[in-house]
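A.B. asks: here's a sequence, model it:
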Amino acid sequence: MGNNNLSRTILALLAWTIAWTGMVGLESRLDLANLSMLLVLASALSALWLPSWASLAASAVAVMAFNWFFVPPRLTFSVDLRQNALLLVALLLVNWIIAGLVIRQRRLAEAARTVAAREARLRQWGDILRDAGDPAAHAAALRTALQEATGSAVAVSVLRALGSPPDDAAALQVGEPDDEQRAGLALCVRDGRAIGAGSGRYDGLPDAYLPLRGRGVTLGAALITGLARHPQGHELRPHLQALCDQMGSALHRSLMAAQEQQARDQAQLQATRNALLAAISHDYRTPLASIMSAASALQEQGERMDNAQRQLLAAGIVEESERLAQLTDNTLQLARLDTPAVQLRCDWESAEEIVGAVLRRARRRPEGARVRARVEPGLPLLWCDATLVSQLLDNLLDNGLKYSPADTQVELHAASDGEHAVLAVSDQGPGIAPAWREKVFEVFQRGEMGAAGPHADAGRGAGVGLAVCRAIARAHQGELLLRPGAEGGCRFECRLPLHGESPPPQSAPTPQETPP
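C.D. replies: Residues are numbered from 1 along each chain as shown. The predicted structure is shown next:
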């Protein structure tokens, strides 16, 4: 600021020097009226750089000097009232009028620059808050903006949650207010109104307390020390309040978004619970009824049955129990995966070992001989939860065996496309209509079967297995897709991302081609 004032003063002195030099050089060629125009010009130029009082004083001194050096009788302040008095008075008044107009324009220009700077500060501050994930983390930036606007010490208090008390220890404090100032901040937050100098409340205080106002709530306060003594304190107050209100609005939006997300999570959790109840009340009835019927027959009539009949009933109980256990596992797994922020138990796993374990379990089933497995050599290790991926493949194989003719094969294929590991199960069943290729992944939805379908509805799933499979794939940042099979039927592809470099794959006991 000091260097700037010095430069302005030098420019003004230079203008006066040039004007006086011109008047001395042109004195013999011009009359007094024309020489006075150089004086007027110098006065107007100096008014661009000098303070108002200095510009007016310089104009008065210049007129007196003009009278002394140029107006007859020279080197005296005597004036010929008939010839030169009007000239000197008019010269002084014109200089003062021009200087006043220039000074006024300077002030208007300075005010415009100040307003533009404040608007730019508000825009910049709004851009920062618009892109902020956590506006409370920018409390220090608000403090800096207020300090730049006022040149005073500033402290900011920001609430972390709606409805929390203003003096809560969890509130974010930026700055170093004393105990009395902390009490003022708390009062400002609690009342939601400005207090201190110029606010109409506690005007005797030297400091000002401005609320951070959201929509209908106050989420903090800012302390500006010594605003009562600031020369532009009254003019600055609306600008300072606008900065605070931008922060309050951003905090309100952030907190409302967090509450909205929490409500969505709770709704999703409640929907999962409702789905579990629906599964228990609807799809569990059939296997439970079959188990109860067979067990009741064995209990009441077992002595009158031959061994083959008892074995048939016992086999039915075992089969329906296994079906009930699988449905329970799928439903509970779906509930776990639909829970927000679910944590997987991932490790580096061999695709060959996962496929081998799934194949061994499938082969224990009566129809398991139809399963073929093919593993592409050199597959990288997978970063996954092996239990979940195995359950995904178990469900897909069960689905393929259930919906394909008894004389066809179901293939399990593991390969890589460079960025993803592709675990695919293909069958040669009746296929799924295009309109159902996305619906089958919804909970309790089952694809329409054609008239030639080999199974009755009693043997069909509950509509949970494929929903679980897609949930498992997406929990691994992957995807489960349904494509038409090359030879009819369906091909389910689970695409799991390959996570950078992994340890070299271990040799697995499962061969790349598995015989029947």
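
A.B. asks: next secondary structure after whichever strand or helix holds residue 38?
C.D. replies: Secondary structure from DSSP states H and E places residue 38 in helix 32-47. Sequence-wise, the next helix or strand downstream of helix 32-47 (DSSP H and E) is helix 52-69.

A.B. asks: neighbouring contacts of stretch 416-426?
C.D. replies: Outside of stretch 416-426, the residues within contact range by Cβ atoms under 8 Å, 6 or more residues apart in numbering are 351, 355, 376, 379-380, 382, 389, 392-393, 396-397, 399-400, 410-415, 478, 485-486, 489-498. All C-beta spots, glycine's among them, are computed from the backbone N, C-alpha and C.

A.B. asks: hmm, try it at 6 Å
C.D. replies: With contacts defined as Cβ atoms under 6 Å, 6 or more residues apart in numbering, stretch 416-426 is touched by 379, 382, 396-397, 400, 411-415, 485, 491-498.

A.B. asks: are any of those residues buried, and which?
C.D. replies: By neighbour count, with 16 or more other Cβ atoms under 10 Å, those hold 379, 382, 396-397, 400, 411-415, 485, 491-496, 498 as buried.

A.B. asks: just the ones in strands from those residues, please.
C.D. replies: 382, 411, 412, 413, 414, 415, 491, 492, 493, 494, 495, 496 (DSSP state E).

A.B. asks: can you map out the helices along this protein?
C.D. replies: Secondary structure of the chain (DSSP state H): helices at 2-26, 32-47, 52-69, 85-130, 139-150, 179-191, 233-278, 285-301, 307-337, 351-363, 386-403, 465-475.

A.B. asks: what angle sits between the third one and helix 85-130?
C.D. replies: Right, helix 52-69. Going by axes from the mean of the first three to the mean of the last three Cα atoms, to 10 degrees, helix 52-69 is angled at 160 degrees with respect to helix 85-130.

A.B. asks: kindly report the same for the fifth one.
C.D. replies: With the same axes, to 10 degrees applied, the angle from helix 139-150 to helix 85-130 works out at 180 degrees.

A.B. asks: now helix 139-150: mean pLDDT?
C.D. replies: In this model, helix 139-150 has an average pLDDT of 84.

A.B. asks: in that helix, what's buried?
C.D. replies: Of the residues in helix 139-150, those with enough neighbours to count as buried (16+ other Cβ under 10 Å) are 139, 141, 142, 143, 145, 146, 149, 150.

A.B. asks: one more: the first one?
C.D. replies: Judged by neighbour count using 16+ other Cβ under 10 Å, the buried positions of helix 2-26 are 8, 12, 15, 16, 19, 20, 22, 23.

A.B. asks: which one of those is nearest to residue 171?
C.D. replies: Closest to residue 171 out of the buried residues of helix 2-26 is residue 8 (46.8 Å), distances taken as Cβ to Cβ.

A.B. asks: in contact with that closest one, which residues?
C.D. replies: Neighbours of residue 8 in contact, by Cβ under 6 Å, 6+ apart: residue 49.

A.B. asks: would you quantify the distance from it to residue 113?
C.D. replies: From residue 8 across to residue 113, the span is 15 Å (Cβ to Cβ, to the nearest Å).

A.B. asks: try residue 177
C.D. replies: In this structure, residue 177 and residue 113 are 32 Å apart, going by Cβ to Cβ.

A.B. asks: what do you get for residue 176?
C.D. replies: Summarising the geometry, the distance separating residue 176 from residue 113, computed by Cβ to Cβ, is 32 Å.

A.B. asks: and if you look at residue 91?
C.D. replies: Note on residue 91: its distance to residue 113, by Cβ to Cβ, is 33 Å.

A.B. asks: go on, residue 304?
C.D. replies: The value you get for residue 304 to residue 113, if Cβ to Cβ is used, is 106 Å.
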